[in-house]
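K.L.:
Sequence below, structure please.
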Amino acid sequence: MAIESIAPADPKPETYQDIYNKFRFGFDTWLRNNAPGSVMQRLSAIDADPLGREQFNQLLHLCHQAGVSEGFFEYYFLSGPQHCYDVTRVEGFHGSWLGTDAIQSLDHLAWGMYRLYTDSLLFFGDVRTAFRSFRVMSRGDLNQFFAKHRFNTEGMKRRGKALPLANIAKDHRYLISEMACKSYDSPDGSGSALENYLMDAYEQFRKTGGAKVTVRKLLEFAFTKKPIPERQTEFMFSAVDILEQEIDSTDELRARYLSIFKSFETARNAALKNTAYFLSMASDLDIYVATSMRDREDFRKMADFCEHTFKDPALNSLHLRYFDPTVSAAAGHEDKGLIECLMVKCAKVLVYNAGKKDSYGKDAEAAMALSLGKPVIFYCDEELRNRMFSEIHPLSRLIDFRTGVAVGALVTSSERQVVELLLRIFENKMEYVVEQPKPGYLRLREKLTNSVVRVQTNDEMLRETFWNYYHGNS
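P.N.:
The predicted structure is shown next:
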């Protein structure tokens, strides 16, 4: 059936409503309600007369769109290639379409177009811009383009395990924190700040006629007599293991202190060794964990989270390399900052564990990862998750600085979903839903968490200004 032989028709007959509904996302002027009647007539006949590339291009031209290459047509409509997600999981797919030489039905056409919308939003942020690039590519060019965006799943499985990290007991991991390091540090060998404060406090306590006292009450007494607000939280945190122990002499206090100091030295030495191991695997790092830990319970919970999540049997075959913040330390906070920035840059994925309180550090790390275009999984409780979806949050949407594409975090309150997301990411099996809340405005949602990960605006001035300015000044 030649396009030229079709007489013009009413551009909006009732029989075409299914076509309008099927292609509700629009493609600039193509397949919207103002498409020429001849285009709608040809699409109405597609079940009886499959649509080849030549007529497909004629339909595009009639809608004032450029045609597509043979490679484009084959890639998006006639094949199920290895891709950045499983194309056979896209809604409506039917295996009989693969290996044919023409589009067999409206569902078949919609399947290919849905893939195009998804890829456009993922990698260009704009359907029209992506189409201009993709439409002229050969099959080899398209394979090569998407291969760069795929994770090397088989390579991850073949590489085997990394060198084992030094073990640190979960109950002692809080001792590698910066607060503990400041408390126990003894740069001149004359005793740490915590030790000196405790000894001085005990001497003052004895002068009041006191006898036995717990370390907690001793510190509370000392802070009353000699207030140093900036260190009160630090010392209480660092001495938590001995706070309830009673002492009745200087020797007993020193023994109590030394017992925890030895645990600190053991934990810190192991953490420094682990940091060297993390640096040694920087080029192969899979996951960076961003979080903030304020007390021992935070360290315990974070250690459990890392163990339950990254050692889940479903992920075993990937031999994951992940940066565990509960077992890593640095010589100083400046070095720690450099290490963490490098880890974020090198990691393939960032997992943000919200914890109990906000923190500039973990927010900055997540923002850095999003700005690099990396997948970011935001794990938080249900209340915070709901706020993330209903309110504006700095991590809801940022810009990949390299491409200008708006990227969003994957937000979940389920530890099980964190595991599933990691598996889908590294196995190139993510699933997406394209939605259009208003004409020309597109959102790409990740299917498991319903998180918005990409956006295309329908504000024409913003669209044109953004892309012209962004790429013109990059």
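
K.L.:
where exactly do the strands run in the stretch 151-300 of the chain?
P.N.:
Remark: strands assigned in the stretch 151-300 of the chain by DSSP state E, counting those that start in this stretch are 213-214, 246-247, 287-290.

K.L.:
for the ones you listed, which one ends up most surrounded?
P.N.:
strand 287-290 (a mean of 26; mean count of other Cβ atoms under 10 Å). Every residue, glycine included, has its C-beta placed from N, CA and C.

K.L.:
quick one on the thing from earlier: want to throw the strands of the stretch 151-300 of the chain into JSON lines with mean pLDDT and distance to residue 374?
P.N.:
JSON lines is the format used below for the strands of the stretch 151-300 of the chain (pLDDT from 0 to 100; distance: least, Cβ to Cβ, whole Å):
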{"stretch": "strand 213-214", "mean pLDDT": "93", "distance to residue 374": "48"}
{"stretch": "strand 246-247", "mean pLDDT": "92", "distance to residue 374": "51"}
{"stretch": "strand 287-290", "mean pLDDT": "96", "distance to residue 374": "9"}
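
K.L.:
Including distance to residue 112, could those strands go into JSON lines?
P.N.:
Converted to JSON lines, the strands of the stretch 151-300 of the chain look like this (distance: least, Cβ to Cβ, whole Å):
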{"stretch": "strand 213-214", "distance to residue 112": "72"}
{"stretch": "strand 246-247", "distance to residue 112": "75"}
{"stretch": "strand 287-290", "distance to residue 112": "34"}
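
K.L.:
For residue 226, find the nearest of the ones you listed.
P.N.:
In terms of Cβ to Cβ, the element of the strands of the stretch 151-300 of the chain nearest to residue 226 is strand 213-214, at 15.9 Å.

K.L.:
Partner strands of the closest one and their direction?
P.N.:
strand 246-247 (antiparallel) (DSSP bridges).

K.L.:
now what about the partner strand, what contacts it?
P.N.:
For strand 246-247, the external contacting residues (Cβ atoms under 8 Å, 6 or more residues apart in numbering) are 202, 212, 213, 214, 215, 218, 253, 256.

K.L.:
what do you get if the cut-off is 7 Å, keeping everything else the same?
P.N.:
212, 213, 214, 215, 253, 256 (Cβ atoms under 7 Å, 6 or more residues apart in numbering).

K.L.:
isn't residue 284 right up against residue 321?
P.N.:
Yes. At 5.6 Å, residue 284 counts as touching residue 321 under the criterion of Cβ atoms under 7 Å.

K.L.:
quick one: which of the contacts of strand 246-247 is nearest residue 353?
P.N.:
Using Cβ to Cβ, the contacts of strand 246-247 come closest to residue 353 at residue 215, 30.9 Å.

K.L.:
Contact partners for the closest one?
P.N.:
Residue 215 neighbours (Cβ under 7 Å, 6+ apart): 239, 242, 243, 245, 247, 256.

K.L.:
Backbone torsions only: list them for the third one.
P.N.:
Here the main-chain torsion angles of residue 243 (degrees, to the nearest 10) amount to phi -60, psi -40.

K.L.:
I figured it hits residue 216, correct?
P.N.:
Yes. Between residue 243 and residue 216 a contact is recorded at 4.1 Å, counting by Cβ under 7 Å.

K.L.:
Please report the distance of residue 278 from residue 319.
P.N.:
Separation of residue 278 from residue 319 (Cβ to Cβ, to the nearest Å) stands at 15 Å.

K.L.:
now do residue 197
P.N.:
Counting by Cβ to Cβ - residue 197 and residue 319 are separated by 46 Å.

K.L.:
likewise residue 187?
P.N.:
In terms of Cβ to Cβ, residue 187 sits 40 Å off from residue 319.

K.L.:
Low-confidence stretches in the stretch 351-474 of the chain?
P.N.:
357-358, 388-396, 472-474 (pLDDT under 70).

K.L.:
So which residues of it form strands?
P.N.:
376-379, 398-399, 406-407, 410-412, 432-438, 441-446, 452-456.

K.L.:
In the longest helix seen in the chain, which residues are buried?
P.N.:
Using DSSP state H, we find that the single longest helix of the chain is helix 250-280. Neighbour-count burial for helix 250-280, counted by 16 or more other Cβ atoms under 10 Å, picks out 253-254, 256-257, 260-261, 263-264, 267-268, 270-271, 274-275, 277-278.

K.L.:
same check, this time on stretch 343-356
P.N.:
Residues 343, 344, 346, 347, 348, 349, 350, 351, 352, 353, 354, 355 are the ones in stretch 343-356 that count as buried (16+ other Cβ under 10 Å).

K.L.:
for stretch 453-464, same thing?
P.N.:
In stretch 453-464, counting by 16+ other Cβ under 10 Å, buried: 453, 454, 455, 456, 463.

K.L.:
Now do the same contact list for the fourth one.
P.N.:
Listed by Cβ under 7 Å, 6+ apart, the contact partners of residue 456 are 121, 125, 126, 127, 441, 442.

K.L.:
Give the other helices and strands that the helix or strand harbouring residue 111 contacts.
P.N.:
Element membership for residue 111, per DSSP states H and E: helix 106-123. Applying 3 or more Cβ pairs under 7 Å, 6 or more residues apart in numbering; DSSP states H and E, we find helix 106-123 packed against helix 17-22, helix 70-77, helix 127-134, strand 432-438, strand 441-446, strand 452-456.

K.L.:
Toward the C-terminus, what is the element adjacent to the first one?
P.N.:
Past helix 17-22, heading to the C-terminal end, the next element that is a helix or strand (DSSP H and E) is helix 37-44.

K.L.:
what residues go with each domain of the protein?
P.N.:
3-150, 173-266, 281-427 (automatic domain parsing).

K.L.:
Verify the stated contact: residue 353 with residue 292.
P.N.:
No. The pair residue 353 / residue 292 is not scored as a contact, 8.7 Å apart, by Cβ under 7 Å.

K.L.:
so how far is residue 112 from residue 401?
P.N.:
Using Cβ to Cβ, residue 401 is found at 31 Å from residue 112.

K.L.:
More neighbours: these two, which one.
P.N.:
The neighbour count for residue 401 versus residue 112, taken as other Cβ atoms under 10 Å, is higher for residue 112 (21 against 14).

K.L.:
separation between that one and residue 247?
P.N.:
76 Å.

K.L.:
quick one: the helices in the stretch 201-350 of the chain?
P.N.:
215-225, 229-238, 250-280, 296-310, 333-346 (DSSP state H, counting those that start in this stretch).

K.L.:
List the contacts of residue 377.
P.N.:
349, 351, 352, 410, 412, 418, 421 are the contacts of residue 377 under Cβ under 7 Å, 6+ apart.

K.L.:
Most widely separated two among those residues?
P.N.:
Every pair of the contacts of residue 377 checked by Cβ to Cβ; the farthest is 349 and 412, at 13.5 Å.

K.L.:
if we can go back for a sec, mind picking the two most distant members of the contacts of residue 456?
P.N.:
By the measure Cβ to Cβ, 125 and 441 form the most distant pair in those, at 12.8 Å.

K.L.:
In terms of neighbours, single out the busier of the two.
P.N.:
Neighbour totals were compared for residue 125 and residue 441, and residue 125 leads with 26 against 14 (other Cβ under 10 Å).

K.L.:
Other residues contacting stretch 317-336?
P.N.:
Against stretch 317-336 from outside (Cβ under 7 Å, 6+ apart): 156-157, 159-162, 165, 168, 173, 176, 178, 268, 271-272, 274-275, 278, 281, 284-289, 291, 299, 302-303, 306, 310, 339, 343, 347, 426.
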